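Participant: Fold the stuff below for me.
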Amino acid sequence: MKSIFSIYGSDIKRNTTNWAAAMIIVGLIILPSLYAWFNIKASWNPYANTRGIAVAVVNNDKGTTIRGKDINVGNEVIQSMKKNKDIGWTFVNEKQAEKGVKYGTYYASIMIPKDFSEKISTVLTDQPVKPQLIYNVNEKINAVAPKITSSGASGIVEKISASFVQTANGAIFQMFNKLGIELEKERPTLENIRNMIFTLQNSFPQLKEAVNTALHDAGQSQQIVQKAQTNLPLVAQIADNGESLTLSINGLLNKTSEVMDTVTPNIKQDLGLLQQTAAAAAQLSSIIQNSQVNIQTIQTGLNQASQRLNTALPVVNSVLQFFERLNALNQRFAPEIGNIQQIKNSLEQQQFTVNQIRDIVNKGGKPAVELASRLRQQSINAANALNQFLSRFDSSIAPKIQQAFQEAKTSANNAQIVLSDVKSTLPDVQKILNDASKGLVVGKSEILAIQSQLPVVEAKVNRLASNIRSFEAKENIDDLIRLLRHDYKKESEFFAHPVELKENKIFPIPNYGSAMSPFFTTLSLWVGALLLVSLLSVDVVQEDHSYKSYQVYLGRFLTFLTIGLLQSLTATSGDLFLLHTHVVGKLWFVLFGLLISAVFMLIVYTLVSVFGNIGKALAIVLLVLQISASGGTFPVQTMPRFFQAINPYLPFTYAISMMREAAGGILWPIVIRDICVLILFSAIALMIGLVLKKSINRLSINFVNKVREGKLIH
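Facilitator: Below you'll find the model as predicted:
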């Protein structure tokens, strides 16, 4: 031990008293920190400055007319983009945009075609056509910029879709609201008519009994006739009110049918939006598996996919509830309900998978290939189910809906015919009663005439009462009124934005530079070790003493370790106090840096001490492999299989993990695992240095001397 510390003490004394050597040592201490600081500061918050990324915007939309109203969706989109400062939107003509993208003046361009508004308006027809935005991008200018501009273009499409859904649903709910107001105003009248019809139906046994009594006892005929004459105005009033009721019901059903003409295309449009959501999830799975896509783009894509799925689920629930209500009226929509339930289940599975992937990505991991494949398969299943449903929507489903409402209208028409017949019969009954009142002398013959007419009137009243009871058995008019009277503005706004995202950051890091500081700091410590073994000698000039191999190895290592620890203190302290990077555990950040520097220095020093220049090459090769395979920048799951395979066997993997714990918030089980693995790497390096140094140095001396004969390699 005395010889080991003798070597160390001599190194310290000679290099602190020699001003030239001391300056070089100070430079070696500071230089690795500069490498970390410049890289951290350069990547501090790049996604906050995307407004400098120029994107050309061209509006060729000619507009269109819908029900006598001129609209131009392109102009509305342009006004929305002028308020959006996230990207440098530049509004030019088509020729300027094409040339600018080609020559790099603009990173991309978005063109609104001249038929954009016209195609949007086709949703009101039986053959809707989806409008398109033309997006051109120059990917050779920069690797990341196309991903940013693509996100901006997708955001514009989402805003247009949400605005369209809100406007279309608002018009439909407004029509429902007006129908509800009309029904609510007529609610007392409807209730009175209903009660009158049932009262009349219950009175017929009494009327028949009165006629029979007249036949049996002519002396009581006058009283019976007077009673019949007293009730007859009630019958007339009931018939008039009943006919008004059937006309109102007919009007309601006709208006409802008109609304259904608008609802059916809107349902189809909603299913089309669900198709886009499924397709977007399939595209996202491809992005996740693409090793060239950065983590920010994947996070943005996952957030957008989650928002689309959160928007899609209320839409599919609304469609499902619509068909369930139709099925309650007419038991023929069970297959459609099953298909929509299948689509809903598939979208819920996609949402669960996207949340799994997003949790992994937010924690700095890379989703497994199986997760991405599962998301893709779920997206395909949803798309297939939607395609099957839409393929028979116009041919079978929409006609079935119209048929259900047509049957309701037929029942109402039959009721109106019955009441018309009742009204036409009442004058005859009135005449019979008057004749009976004037001439009871006619006797039984006249009363028999009255008796013969009563069953006809009774049958028609019974038929009308039966139709009313049938309607009440299937529908509750109060529920219908409440449903139609909902605030149409709030409902349309809800369907346009049904879900608000509440984000909870478990380990928040405010900027990209702070998030990258664990990687660049770790990298600088390895670079610092390389600089030391490149400029300082690992061998001891034995002038007055004869040292053993292990004494040289350990004694000179203490010198390298001292400089390495100073490099670590400089780098970590500069991160904290010069750059003000976000670090939760500041003291642990410094202490972890010291441990990592000691481990790295031991590994690099051992390679050079044992293998000479070959060891330097091995240290550089390790550096290159660790930059790619450690997961410091892109998640290792996005890398080729070779890098994923070697990731668990690299010191960087555990060093970066430990520094990230200090920066974001420490989970001690992870830190303890990282420390144990780094200690294991140190033990292996120490064993190689102590066991192999002497023998390998002796075997390689002839090779080294031969190399030095070239006067180029030292």
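Participant: List the first helix or strand encountered after whichever strand or helix holds Thr65 toward the C-terminus.
Facilitator: Secondary structure from DSSP states H and E places Thr65 in strand 64-66. Toward the C-terminal end, the helix or strand that comes next after strand 64-66 (DSSP H and E) is strand 69-71.
Participant: quick one: average pLDDT of that following strand?
Facilitator: Across strand 69-71, pLDDT averages out at 78.
Participant: Look up how far Leu535 lies from the closest residue to Asn327 other than its chain neighbours.
Facilitator: Counting by CB to CB, 6 or more residues apart in numbering, Asn327 lies nearest to Phe333, which is 4.0 Å off, once chain neighbours are set aside. Backbone N, C-alpha and C define where each C-beta goes, glycine included. Distance, Phe333 to Leu535, using CB to CB, to the nearest Å: 81 Å.
Participant: And for Phe519?
Facilitator: Applying CB to CB to Phe519 and Leu535 gives a distance of 25 Å.
Participant: Of the two, which one has the most company?
Facilitator: A count of neighbours by other CB atoms under 10 Å puts Phe519 above the other of Phe519 and Leu535, at 23 against 11.
Participant: which helices and strands sit right next to the helix or strand where that one lies?
Facilitator: Remark: Phe519 resides in helix 512-535, with elements defined by DSSP H and E. In terms of contacts (3 or more CB pairs under 8 Å, 6 or more residues apart in numbering; DSSP states H and E), helix 512-535 is packed against helix 19-42, helix 549-577, helix 586-611, helix 613-629, helix 651-664.
Participant: Turn those into CSV, including mean pLDDT, mean neighbour count and distance to Val456.
Facilitator: Output for the helices and strands packed on helix 512-535, formatted as CSV (pLDDT from 0 to 100; neighbours: other CB atoms under 10 Å; distance: least, CB to CB, whole Å):
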stretch, mean pLDDT, mean neighbour count, distance to Val456
helix 19-42, 84, 16, 97
helix 549-577, 89, 21, 100
helix 586-611, 93, 23, 98
helix 613-629, 88, 17, 95
helix 651-664, 93, 24, 88
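Participant: May I see the ones you listed organised as TSV, with distance to Asn317 added?
Facilitator: Conversion of these to TSV gives the following (distance: least, CB to CB, whole Å):
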stretch	distance to Asn317
helix 19-42	47
helix 549-577	49
helix 586-611	48
helix 613-629	45
helix 651-664	37
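Participant: Ok, which of the ones you listed comes nearest Val361?
Facilitator: helix 651-664 (14.4 Å; CB to CB).
Participant: between that closest one and helix 549-577, how big is the angle?
Facilitator: 30 degrees (axes from the mean of the first three to the mean of the last three CA atoms, to 10 degrees).
Participant: In space, what's closest to Leu28 - neighbours in sequence excluded?
Facilitator: Using CB to CB, 6+ apart, the closest residue to Leu28 is Leu531 (5.6 Å).
Participant: Apologies, that question was intended for Asn511.
Facilitator: Asn45 (4.5 Å).
Participant: Relative to Gly513, how far out is the one you found?
Facilitator: Taking CB to CB as the measure, Asn45 falls 6 Å from Gly513.
Participant: List the residues that contact the residue nearest to Leu28.
Facilitator: Residues near Leu531 by CB atoms under 8 Å, 6 or more residues apart in numbering: Leu28, Leu31, Pro32.
Participant: picking up where we left off before, compute the inter-axis angle for the helix holding Phe519 and helix 19-42.
Facilitator: 150 degrees.
Participant: can I get the CA coordinates of helix 512-535 in PDB?
Facilitator: The C-alpha coordinates for helix 512-535 follow below in PDB (Å, rounded to 0.1, in the frame of the first residue of the first chain):
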ATOM      1  CA  TYR A 512     -36.100  19.500 -22.900                       C
ATOM      2  CA  GLY A 513     -32.600  20.600 -21.900                       C
ATOM      3  CA  SER A 514     -33.100  19.500 -18.300                       C
ATOM      4  CA  ALA A 515     -34.500  16.200 -19.500                       C
ATOM      5  CA  MET A 516     -31.300  15.700 -21.600                       C
ATOM      6  CA  SER A 517     -28.900  16.700 -18.900                       C
ATOM      7  CA  PRO A 518     -28.500  13.200 -17.400                       C
ATOM      8  CA  PHE A 519     -27.400  11.900 -20.800                       C
ATOM      9  CA  PHE A 520     -25.000  14.700 -21.800                       C
ATOM     10  CA  THR A 521     -23.500  14.800 -18.300                       C
ATOM     11  CA  THR A 522     -22.900  11.100 -18.300                       C
ATOM     12  CA  LEU A 523     -21.500  11.300 -21.800                       C
ATOM     13  CA  SER A 524     -19.100  14.100 -20.800                       C
ATOM     14  CA  LEU A 525     -17.700  12.000 -17.900                       C
ATOM     15  CA  TRP A 526     -16.800   9.200 -20.300                       C
ATOM     16  CA  VAL A 527     -15.300  11.700 -22.700                       C
ATOM     17  CA  GLY A 528     -13.400  13.200 -19.800                       C
ATOM     18  CA  ALA A 529     -11.900   9.700 -19.000                       C
ATOM     19  CA  LEU A 530     -10.900   9.300 -22.700                       C
ATOM     20  CA  LEU A 531      -9.200  12.700 -22.700                       C
ATOM     21  CA  LEU A 532      -7.200  11.800 -19.600                       C
ATOM     22  CA  VAL A 533      -6.000   8.400 -21.000                       C
ATOM     23  CA  SER A 534      -5.200  10.200 -24.300                       C
ATOM     24  CA  LEU A 535      -3.000  12.900 -22.800                       C
END
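Participant: any low-confidence regions in the stretch 451-600 of the chain?
Facilitator: Applying pLDDT under 70 to the stretch 451-600 of the chain flags the ranges 451-454, 457-458, 460-461, 464-505, 541-545.
Participant: How about the secondary structure of Asp61?
Facilitator: coil (DSSP: H, G, I helix; E, B strand; the rest coil).
Participant: Not counting sequence-adjacent ones, nearest residue to it?
Facilitator: Gly74 (2.6 Å).
Participant: Show me the strands in this protein, by range?
Facilitator: Remark: strands assigned in the chain by DSSP state E are 54-59, 64-66, 69-71, 88-91, 108-112, 134-137.
Participant: Dump those to TSV, plus mean neighbour count.
Facilitator: Formatted as TSV, the strands of the chain follow (neighbours: other CB atoms under 10 Å):
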stretch	mean neighbour count
strand 54-59	22
strand 64-66	14
strand 69-71	11
strand 88-91	16
strand 108-112	24
strand 134-137	17
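Participant: CSV for those, including distance to Asn317?
Facilitator: Below are those laid out as CSV (distance: least, CB to CB, whole Å):
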stretch, distance to Asn317
strand 54-59, 36
strand 64-66, 29
strand 69-71, 30
strand 88-91, 36
strand 108-112, 32
strand 134-137, 32
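Participant: The ones you listed: which one's closest to Gly338?
Facilitator: strand 64-66 (35.5 Å).
Participant: In terms of secondary structure, what does the closest one contact?
Facilitator: strand 69-71, helix 116-121.
Participant: 7 Å instead?
Facilitator: helix 116-121 (3 or more CB pairs under 7 Å, 6 or more residues apart in numbering; DSSP states H and E).
Participant: Report the buried residues of the helix it packs on.
Facilitator: Phe116, Ser117, Glu118, Lys119, Ile120, Ser121 (16 or more other CB atoms under 10 Å).
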